[in-house]
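Student: Build me a structure from this.
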Amino acid sequence: QVQLVESGGGLVQPGGSLRLSCAASGSIFITYAMGWYRQAPGKQRELVAVIRSGVSTNYADSVEGRFTISRDNAKNTVYLQMDSLKPEDTAVYYCNADIRVYSLRRAEYWGQGTQVTVSS
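Tutor: Have a look, this model is predicted:
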């Protein structure tokens, strides 16, 4: 019923920037919080940033001041602007959204993931 499609990953040099996008589509009634998680090889998935329907945000300490999360409610899309990228930011980035569909069922949905590699 709901799909999250991510785009914008790729290879970038240290100090560079990337912008990730995630568009939610389907029988969406309300989109609550949207966020980005990442998982590096051999590590657990971790929260990177979250933005709530009231636009309040939270960031992992490791990305505070370098990453910016935003959303376009009309498009059900969340963005992650990543600046001053470091090699330790290399991971698969996953979009996450808390959505209530028209049947009134509420659930968390995940995107398929997009690879971000920071390397010279």
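
Student: Please make it C-alpha for all contacts and neighbour counts, starting now.
Tutor: Fine.

Student: so which strand or helix has the closest residue to residue 113 other than its chain neighbours?
Tutor: Here the nearest residue to residue 113 in space, its sequence neighbours aside, is residue 94; by C-alpha to C-alpha, 6 or more residues apart in numbering that works out to 4.4 Å. Counting by DSSP states H and E, the element that carries residue 94 is strand 91-101.

Student: Name the residue closest to the centre of the protein, please.
Tutor: In the chain, the C-alpha nearest the mean C-alpha coordinate belongs to residue 36, at 2.7 Å (C-alpha atoms, centre = their mean).

Student: and the next helix or strand after the strand holding residue 94, what does it pack onto?
Tutor: Beyond strand 91-101 in the direction of the C-terminus, DSSP H and E gives the next helix or strand as strand 106-110. With contacts defined as 3 or more C-alpha pairs under 8 Å, 6 or more residues apart in numbering; DSSP states H and E, strand 106-110 has these neighbours: strand 2-7, strand 91-101.

Student: Deepest-packed of those strands, please.
Tutor: With neighbours defined by mean count of other C-alpha atoms under 10 Å, none of the helices and strands packed on strand 106-110 is more surrounded on average than strand 91-101, at a mean of 22.

Student: Quick one: mean pLDDT for that one?
Tutor: Per-residue pLDDT values across strand 91-101 average out to 96.

Student: do the same with stretch 112-120
Tutor: In this model, stretch 112-120 has an average pLDDT of 97.

Student: try stretch 32-42
Tutor: On average, stretch 32-42 scores 96.
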